[in-house]
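Engineer: predicted coordinates and the sequence they were generated for:
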Amino acid sequence: MMEHQDLKEVDISIYHTAKQGNWCSGDAFYTVRTDSYVLCAVADGLGSGEGAMDASEAAMSVIKSAHDLDTETLMDRCNRVLGGTRGVVITILKFDFRSGIIEYTNVGNISCTFYKPSGEMYRPVPTRGYLSGKKNKYRTQQIPYEKDTIFLVYSDGLIFDPLYHSIFHKFETPRKMIDRLVDLMVDSNDDTTILVGKVNR
């Protein structure tokens, strides 16, 4: 499945597919825009199939109902509902229009890379582990952004080749970048979610 979203301040394209042979994906994603911010989240339920889907969808349900909260509080609320599930790894990004700051909170191997208009690349440091209802520590980073900043968020179904970095530059749209990436990527036989976004203003 490919989806393209124009959220005014941010354009986003998403590629989302299940592991071959499965009717459902253990990955889940959510995006939302308000007058103050854009929020994006990607979660990967541990394993695959229905159990993984149930865990990742539980996390997204929390975020959908309370996305006005800061990302660290959202992460804690997700953790609370995941007891008794397989658990998830998850990344949440929140672009605050007034401050020009991205709140980044992560647990586990949902990868994230930012490409600045200058050509500089930045990868925030992820937090090891996963959410499953047990007490956890979260690291939130405050990352400045500007017009034409590009961001890439993806689950471990994408086997990232460093050569892919050349795809992401300010003169391309998220739609074209994700089309190019999907054309080049190697089949990992895993649930895969890729989110490519670009800041417009």
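Structural biologist: Arrived safely, thanks for sending. The shown structure was predicted, so the numbers you read here are calculated from the model rather than taken from an experiment. Numbering: from 1, shown residues only.
Engineer: center of this structure, which residue is that?
Structural biologist: By CA atoms, centre = their mean, the chain has its centre lying nearest to residue 42, at 3.7 Å.
Engineer: quick check: end-to-end length of stretch 19-36?
Structural biologist: Stretch 19-36 stretches 36 Å from its first residue to its last (CA to CA, to the nearest Å).
Engineer: list the buried ones in that stretch?
Structural biologist: 19, 22, 25-33 (16 or more other CB atoms under 10 Å). The way it works is simple: take the backbone N, C-alpha and C, and place the C-beta from them, glycine included.
Engineer: let me see the mean pLDDT of it.
Structural biologist: In this model, stretch 19-36 has an average pLDDT of 93.
Engineer: now it, how far from the centre of its chain.
Structural biologist: Computed by CA atoms, centre = their mean, to the nearest Å, the separation of stretch 19-36 from the middle of its chain amounts to 9 Å.
Engineer: stretch 44-60 too?
Structural biologist: For stretch 44-60, the distance between its averaged C-alpha position and the chain's averaged C-alpha position is 15 Å (CA atoms, centre = their mean).
Engineer: export the host helix or strand of the residue nearest to the centre of the chain as PDB, just CAs?
Structural biologist: In this structure, residue 42 sits in strand 37-45 according to DSSP states H and E. Presented in PDB, the C-alpha positions along strand 37-45 are these (Å, rounded to 0.1, in the frame of the first residue of the first chain):
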ATOM      1  CA  TYR A  37       1.900  20.600  15.000                       C
ATOM      2  CA  VAL A  38       2.200  17.600  12.800                       C
ATOM      3  CA  LEU A  39       2.800  14.200  14.500                       C
ATOM      4  CA  CYS A  40       4.000  11.000  12.900                       C
ATOM      5  CA  ALA A  41       4.400   7.600  14.600                       C
ATOM      6  CA  VAL A  42       5.500   4.200  13.400                       C
ATOM      7  CA  ALA A  43       5.400   1.000  15.500                       C
ATOM      8  CA  ASP A  44       6.400  -2.500  14.800                       C
ATOM      9  CA  GLY A  45       4.800  -5.300  16.900                       C
END
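Engineer: just checking, what packs against it?
Structural biologist: With contacts defined as 3 or more CB pairs under 8 Å, 6 or more residues apart in numbering; DSSP states H and E, strand 37-45 has these neighbours: strand 27-33, helix 50-65, helix 71-81, strand 88-96, strand 150-154, strand 192-199.
Engineer: and the ones you listed: which comes nearest residue 120?
Structural biologist: With distances scored as CB to CB, the stretch of the helices and strands packed on strand 37-45 nearest to residue 120 is strand 150-154 (11.3 Å).
Engineer: that closest one to strand 37-45, inter-axis angle?
Structural biologist: Following axes from the mean of the first three to the mean of the last three CA atoms, to 10 degrees, one obtains 20 degrees for the angle between strand 150-154 and strand 37-45.
Engineer: state the mean pLDDT of stretch 110-124.
Structural biologist: For stretch 110-124, the per-residue pLDDT averages 96.
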